[in-house]
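>>> how would this look folded up:
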Amino acid sequence: MTSLSSRRVSRVTAALAGIAVSALALTACAGGSGTAAEPAADSADAAAEGFGDLTLQLSWILNEEFAGEYFADTNGYFEEAGFSSVNLVPGPSTGVAELLGGTADIALSDSVSIGSAVASEGAPLKIIGATFQANPFTILSLADGGDIATPEDLIGKRIGVQDSNTSLFNALLAANDIDPSELTVVPVQYDPAPLVNGEVDGFVSYITNEAITVEMMGLETTNLPFAQNGLPFVAETFTVTDEQIASNREMLKAFLVAELRGWTDALADPQGGADLALEVYGADLDLDPEKTLAGSLAQNELVVSEETEANGLFTISEELQALTIESLAGAGIELEAADLFDLSLLAEVYEENPDLLDYAG
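Numbers count the residues shown, from 1 in each chain. Just a heads-up that it's a prediction; the model follows:
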């Protein structure tokens, strides 16, 4: 592991601890074939007994980001898995507070937020899979404006940061040995208008969301992806409590089966995923059709990788686990992979349902 200065370690530790503290204080808020594989007989037997209702805390609003969940719900995969209903609760949220408070059974989050809570607060949480193999966070800038292509380019710039992303942004600075005093943080919301209007030089965004919005305005953009600049963590992680793993293992496996079937459909039909967001789940959000389809297509590139092609969707390879643990350790957050990840349920799902490995049909 690369050694870091004590100044850098203390800053990143404080930044990541801030994520955990904020999350723990948070209350509930905010191609291939088109047919997914059938679940194994053992899963079907468990589903026959029923798992009742399930609450899934989402990390973001009901846009195309959750196309796999929409397909699993619409196509009856959750019901076939044994759930009476699955309540998709929109964010933004890290899911930590909801899981620990018992208002969510499963949460979609990210390994930095969960790892921080585990290390800093002893939160009994585990990641059991990840939709995105690479996190989509980026510093978005205009090519003829801030043009922020390297961490050093942040220095002296005005960076728009949302309140919910403040700790994560501070962690990015610390991971690159940049003191917050070397730039100006401008509080913003999620609309990138301040960037377009020249009020900020850079803007914390998703590559699959706001970056597309600005590009569709005909503006040339530059991205500084977090994943390639010190924070290589997986995102949209399926996160649960240790108690859930111990007490409701079959339920979690059934959920993963339904999710795998849903995301198989989403990869095969990005337009269908966009339509479900536009017309059903996010119908009241006034989503832009062109941008929603673009986001659906872009996020599929984060869902698949060489690792998923070899070992199936939601896989978190040992290498990727190690990179995550190393980045946290470099920040003074000491965790073993076993403290943060439990991929045994996913392994059992694939052992019992080998057809699900063939997500590309």
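
>>> can we go C-alpha only for contacts and neighbour counts from here?
Fine.

>>> Ramachandran angles for V240?
Note on V240: backbone dihedrals following degrees, to the nearest 10 are phi -140, psi 170.

>>> Name all residues that make contact with the residue nearest to it when sequence neighbours are not counted.
Excluding its sequence neighbours, the residue lying closest to V240 (CA to CA, 6 or more residues apart in numbering) is I106, at 5.1 Å. Contacts for I106 (CA atoms under 8 Å, 6 or more residues apart in numbering) come out as 55-57, 99, 238-240.

>>> so how far is A174 from I106?
30 Å (CA to CA, to the nearest Å).

>>> Count the residues that sit near the closest residue to Y70 other than its chain neighbours.
Leaving aside its chain neighbours, Y70 sits nearest to L276 (6.7 Å; criterion: CA to CA, 6+ apart). If you count neighbours by other CA atoms under 10 Å, L276 ends up with 21.

>>> Do a quick rundown of the helices in the stretch 51-200 of the chain.
With helices called from DSSP state H, counting those that start in this stretch, the stretch 51-200 of the chain shows them at 67-74, 77-80, 96-101, 111-121, 166-175, 193-196.

>>> so what secondary structure elements neighbour the second one?
What that stands for is helix 77-80. helix 67-74, strand 83-89, helix 249-268 (3 or more CA pairs under 8 Å, 6 or more residues apart in numbering; DSSP states H and E).

>>> can you tell me the average pLDDT over stretch 321-335?
Taken as a whole, stretch 321-335 carries a mean pLDDT of 78.

>>> hmm, I was thinking of stretch 120-140
95.

>>> likewise stretch 216-235?
Averaged over stretch 216-235, pLDDT sits at 92.

>>> Using CSV, write out every CA atom in that stretch.
Written as CSV, here are the backbone C-alpha positions of stretch 216-235 (Å, rounded to 0.1, in the frame of the first residue of the first chain):
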residue,chain,number,x,y,z
MET,A,216,-26.9,17.5,-24.2
MET,A,217,-26.8,21.3,-24.1
GLY,A,218,-24.2,21.1,-26.7
LEU,A,219,-21.4,22.1,-24.3
GLU,A,220,-18.0,20.3,-24.4
THR,A,221,-17.2,18.9,-20.9
THR,A,222,-14.3,17.6,-18.9
ASN,A,223,-14.7,14.9,-16.2
LEU,A,224,-12.5,14.0,-13.2
PRO,A,225,-13.9,10.6,-12.2
PHE,A,226,-13.5,9.7,-8.5
ALA,A,227,-12.9,6.1,-9.4
GLN,A,228,-9.8,7.0,-11.3
ASN,A,229,-8.5,9.5,-8.8
GLY,A,230,-8.1,7.9,-5.4
LEU,A,231,-11.6,6.6,-4.6
PRO,A,232,-12.0,3.3,-6.6
PHE,A,233,-15.1,2.1,-4.8
VAL,A,234,-18.1,0.2,-6.1
ALA,A,235,-21.5,1.9,-6.0
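
>>> what sits up against that stretch?
109-112, 130-144, 147-151, 172, 175-176, 207, 211, 214-215, 291, 316, 320, 323-324, 327.
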